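K.L.:
starting from these lines, generate the structure:
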Amino acid sequence: MQIGCPSCNETGCDECNNEGWILIKECPQGMVGREVMNFIELADFAKNGAFPVTGGTLEQSQSFLLACRFLWNEDSQAESQQWDKK
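P.N.:
Residues are numbered from 1 along each chain as shown. Next up is the predicted model:
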């Protein structure tokens with residue numbers, strides 16, 4: 001799978017060897033830590049209207065909501081890129 005380079009917005013840079021895209025050779029889940037995966041799971045629940053209950057993660061509500069917005073934006077961009085390549 002290949003994705004547009006997030007460092008240069010597909011214009012070419014040192015991170016992508018001036019190609020504008022990065023080849024993903026392994027499962028993306030293995031590229032991030034458990035904490036990020038937990039955030040992704042919580043964001044998926046929130047996207048479907050099932051916000052976590054008070055306590056634990058919800059005590060960090062502002063950062064949780066910011067992380068959700070970031071994740072949803074990234075997900076939307078990735079989806080858009082997939083449709084553009086078809």
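K.L.:
got the buried residues for the least confident helix or strand in the chain by mean pLDDT?
P.N.:
Of all regular secondary-structure elements in the chain, judged by mean pLDDT, DSSP states H and E, the least confident is helix 61-85 with a mean of 79. By 16 or more other CB atoms under 10 Å, the buried positions in helix 61-85 come out as 64, 67, 68, 71. Bear in mind the C-beta positions are built from the backbone N, C-alpha and C, glycine included.
K.L.:
how much space between the first one and residue 46?
P.N.:
If you measure residue 64 against residue 46 using CB to CB, to the nearest Å, the figure is 8 Å.
K.L.:
over to the last one?
P.N.:
If you measure residue 71 against residue 46 using CB to CB, the figure is 9 Å.
K.L.:
stretch 16-25: end-to-end distance?
P.N.:
Counting by CA to CA, to the nearest Å, you get 14 Å between the two ends of stretch 16-25.
K.L.:
next, the distance between the ends of stretch 21-36.
P.N.:
Stretch 21-36 has its terminal residues 23 Å apart, counting by CA to CA.
K.L.:
tell me what the residue nearest to residue 21 when sequence neighbours are not counted is bridged to.
P.N.:
Residue nearest to residue 21 in three dimensions, not counting chain neighbours: residue 2, with 4.8 Å by CB to CB, 6 or more residues apart in numbering. For residue 2, the beta-bridge assignment (DSSP bridges) gives partners residue 23.
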